[in-house]
Every structure is written in structure tokens, then in C-alpha cells.
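Enquirer: Any chance you can model this:
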Amino acid sequence: MMAFSLRKLSFSRTLLPVIAVAGLILAAILIALGLPDRSLKDPPETPARATAALTDTARVAGAGVVEPSSEIIDIGTALSGLVTRVSVRPGDYVGRGQPLFQVDDRAVRARILEAEASMAQARAAIAEARAAETTATRQLALFRAVSDPAAISRTEVIRAEGDVAAARSRRLAASAQLEAATATRASARVELGRLTVTAPISGEILKVDVRPGEFVSAGQQGSNAMPYIQMGETRPLHLRIDIDEDEAARVAQGPDAQVSPRGAADQQVRARFVRAEPLVIPKRSLTNSAAERVDVRVLQLIYALPETDGLFRVGQQVDAFIPARPPARRQAQPKDARP
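Expert: Prediction:
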């Protein structure tokens with residue numbers, strides 16, 4: 001009976017609808033499991049917003065970067081060589097003229113010793129030539145003091161005159177050698193001083209990208225070369241705020257700005273206006289890469305940050321709200337005079 005039932009079972013009328021229903025159920029289950037989570041959550045970063053005095057007033061928004069008040073100074077080297085000592089670490093505050101790193105100076109010191117030896121040799125030659133010149137001058141004076149022409153031959157007088165001239169020439173040559181050796185020593189001392197890279201200003205060391213044993217090259221600082229040390233005056237810090245050119249005319253230059261770190265709009269400080277850069281430049285991406293630009297120009301405003309105990313750091317992105325200028329009043333047009 002069972003065998004007969006299976007033979008009579010139709011695939012298209014019985015099995016195919018069952019398979020279709022099972023497929024629909026499976027698809028519904030898979031769709032239900034694959035739905036995205038649509039529950040509401042707080043954003044990972046707090047959106048920038050104006051608060052306090054700028055909440056209900058006209059304002060201009062801008063984005064910027066924290067930078068030293070001296071701007072970032074890239075430190076290179078004037079002479080190539082191996083680094084023998086690095087004297088600073090990131091975060092150190094150094095004074096002007098303080099050593100940052102030292103380039104191998106053994107060859108230069110050897111040149112100084114060689115120049116000093118040449119100076120000593122030249123001084124000895126000067127002393128010998130001066131003594132010979134003095135002796136020859138006295139001998140010539142004695143010859144010329146003899147009144148009897150027969151006592152001293154003309155040849156001896158000529159020889160004495162030649163001895164005086166030769167001694168004077170040797171003295172002058174030795175003096176020139178002394179001057180040359182002195183100049184060589186002075187040049188080597190200048191080069192020795194340039195092998196010690198020092199801080200050009202007082203400021204904070206921001207980055208150190210050189211280590212003892214590495215070779216540093218002079219003249220390699222460029223757009224694609226990394227500076228060996230970066231530093232700047234961070235007391236106080238400055239903000240460089242970019243304002244799009246279509247909003248630049250609305251900015252009130254002079255009042256304080258309300259700024260907050262990117263993603264922390266609830267932590268706001270008032271920044272003091274310092275200056276507006278005179279040149280409107282193409283807007284750059286905040287990666288500071290010259291190759292990443294958009295077709296917008298910006299007015300850059302500089303503000304000074306108060307002491308915030310580490311809330312802002314160099315290179316950090318910030319959001320800023322700046323008071324806008326009041327709208328200009330339109331002057332009433334005079335009515336046409338009627339007769």
C-alpha cells in the first residue's frame with residue numbers, strides 16, 4: 001500500500017509546493033536575522049555646537065588646528081655626518097642656543113689641530129726670518145759705514161743686500177702662511193660649531209626623528225623629507241582657524257572665539273583674537289598635505305588659547321564659532337523732488 005502511494009505521488013502537485021513553502025520560510029528567517037540594528041544610540045563624538053553667548057546670535061563656524069605660537073619649526077642640519085648624541089626628547093622645553101643633537105666632529109677637530117700646527121711652524125719661520133733679516137741688515141750697515149773703498153769689495157756689499165732681501169722675503173712668506181693657517185683654524189672652528197645643532201628659539205620639542213648612529217644629510221629638508229626635530233613655542237598655543245571665503249566677509253575680527261576640541265563640544269574655551277593672515281589661500285585638508293586640496297579658498301584667523309591643562313595639543317583639530325558682523329544698514333533712497 002505504501003509503495004503504491006509513493007508511486008502515485010506527483011512531484012509537481014505535491015512535492016514542489018512543499019519545497020516552495022519551505023524555501024519561503026527559510027528566506028524569511030534569513031532576512032529577519034540579517035536586519036541591521038536600528039536601535040538609537042548616542043553618537044561616538046559630540047557634534048560641534050555654539051553655546052553660551054553665541055547660542056542665539058549671528059556667528060560663523062570654522063575648523064582649525066592647534067599650533068605653537070611660533071608655528072612649527074623644522075630643525076635640520078647644515079653639515080652631513082653621523083649623529084653621535086641626541087640631547088632632547090619630545091616634551092622637553094629648551095632655551096635658545098641649547099644643543100639638540102651632535103654630528104660627528106672628529107675630522108673637524110683634526111683639521112683644527114693641523115691648522116694650529118701650521119701656525120706654530122709659521123711663527124717659528126717668522127722668528128728665524130726676522131733674526132736673519134736683523135743680522136743681514138746690521139752686516140750691510142757695517143759694510144756701508146766703511147769709508148775705504150778698498151777695504152770692502154762691491155761684491156760683498158751686493159751679497160749683504162741680497163741677504164737682507166732674502167730674509168725679508170722669508171719673513172713675509174712665513175707671515176702669509178701664519179695668516180692662512182689662522183684662517184683655516186677659524187673656518188674649522190665655525191664648522192665645528194655648526195656640527196652642534198642648537199635650538200633657534202626657546203620652545204618645546206614636539207618630535208624627534210633622529211637617533212645616535214644615523215646619518216643626517218644637509219639640504220635634504222623638503223616637502224617629502226621628514227625633519228629631524230620639530231619644535232615650537234607652546235606658551236601660549238595658537239589656533240589657526242579656516243573660514244571659507246564665502247563666509248569671510250561676515251567674520252567679526254577682534255572678538256573672542258568659542259572653541260572646542262573635535263568631538264568634545266561640551267569642553268569649550270574662549271580664545272583671544274591675535275591676527276588675520278593677509279593672504280587668502282586654497283583650503284587644505286587637515287592632514288597638512290600640500291597634495292590634498294579642494295577648490296575652496298579660506299581666510300585664516302589666528303587665536304591664542306588660554307592655559308587649559310592639556311586639553312589642547314599641537315596638531316589637534318578644533319571646531320570654532322566666531323561672532324559675525326552685524327548686517328549693514330541700508331541707506332534710505334532720497335525721494336524724487338516734485339515741483
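Enquirer: Identify the residues contacting the strand or helix carrying Ile243?
Expert: Per DSSP states H and E: Ile243 is located in strand 237-244. Contact with strand 237-244 is made by 60, 62-69, 251, 257, 259, 271, 274, 283, 296-305, 312, 314, 318, 320, 322, as judged by C-beta atoms under 8 Å, 6 or more residues apart in numbering. Glycine gets a C-beta too; all of them are placed from N, C-alpha and C.
Enquirer: go on, stretch 166-177?
Expert: Stretch 166-177 is contacted from outside by 118, 121-123, 125-126, 128-130, 132-133, 135-136, using C-beta under 8 Å, 6+ apart.
Enquirer: Adding neighbour count, write those residues out as a markdown table.
Expert: Below are the contacts of stretch 166-177 laid out as a markdown table (neighbours: other C-beta atoms under 10 Å):
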| residue | neighbour count |
| --- | --- |
| Ser118 | 17 |
| Gln121 | 14 |
| Ala122 | 20 |
| Arg123 | 15 |
| Ala125 | 17 |
| Ile126 | 18 |
| Glu128 | 14 |
| Ala129 | 20 |
| Arg130 | 16 |
| Ala132 | 17 |
| Glu133 | 19 |
| Thr135 | 14 |
| Ala136 | 20 |
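Enquirer: I'd like the list of those residues that fall within helices, please.
Expert: Secondary structure assignment by DSSP state H places 118, 121-123, 125-126, 128-130, 132-133, 135-136 of these in helices.
Enquirer: Let me see the ranges of the helices in the stretch 51-200 of the chain.
Expert: Assigned by DSSP state H, counting those that start in this stretch, the helices in the stretch 51-200 of the chain fall at 106-145, 154-194.
Enquirer: hmm, back to that, specify which member of the ones in helices among the contacts of stretch 166-177 is nearest to Ile201.
Expert: Ser118 (38.5 Å; C-beta to C-beta).
Enquirer: was I right about the closest one contacting Ala183?
Expert: No - judged on C-beta atoms under 8 Å, Ser118 makes no contact with Ala183 at a distance of 10.7 Å.
Enquirer: before we move on, back to that, could you pull out the buried residues of the strand holding Ile243?
Expert: Neighbour-count burial for strand 237-244 flags Leu237, His238, Leu239, Arg240, Ile241, Asp242, Ile243 (criterion: 16 or more other C-beta atoms under 10 Å).
Enquirer: Check what pLDDT Arg170 gets.
Expert: With respect to pLDDT, Arg170 scores 91.
Enquirer: do the same with the one 4 residues further on
Expert: At Ala174 the predicted local distance difference test score is 93.
Enquirer: shaky segments in the stretch 201-339 of the chain?
Expert: Within the stretch 201-339 of the chain, the stretches with pLDDT under 70 are 220-225, 285-294, 328-339.
Enquirer: what ranges do the strands span in it?
Expert: Taking DSSP state E, counting those that start in this stretch, the strands of the stretch 201-339 of the chain run over residues 203-208, 215-216, 229-232, 237-244, 257-261, 269-276, 281-284, 293-304, 317-323.
Enquirer: Can you say which of the ones you listed is nearest to Arg194?
Expert: Short answer: strand 215-216, nearest of the strands of the stretch 201-339 of the chain by C-beta to C-beta, at 12.3 Å.
Enquirer: helices or strands up against the closest one?
Expert: In terms of contacts (3 or more C-beta pairs under 8 Å, 6 or more residues apart in numbering; DSSP states H and E), strand 215-216 is packed against strand 81-86.
Enquirer: Give me the contact list for the strand it packs on.
Expert: Residues from elsewhere that reach strand 81-86 (C-beta under 8 Å, 6+ apart): 100-105, 195, 208, 210-216.
Enquirer: which parts of it are buried?
Expert: Gly81, Val83, Val86.
Enquirer: need the residues you listed in TSV with distance to Gly95, can you?
Expert: Shown next, in TSV, are the buried residues of strand 81-86 (distance: C-beta to C-beta, whole Å):
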residue	distance to Gly95
Gly81	25
Val83	21
Val86	17
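Enquirer: okay, the residues you listed in TSV with distance to Leu30 and pLDDT next?
Expert: Below are the buried residues of strand 81-86 laid out as TSV (distance: C-beta to C-beta, whole Å; pLDDT from 0 to 100):
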residue	distance to Leu30	pLDDT
Gly81	68	93
Val83	62	96
Val86	61	96
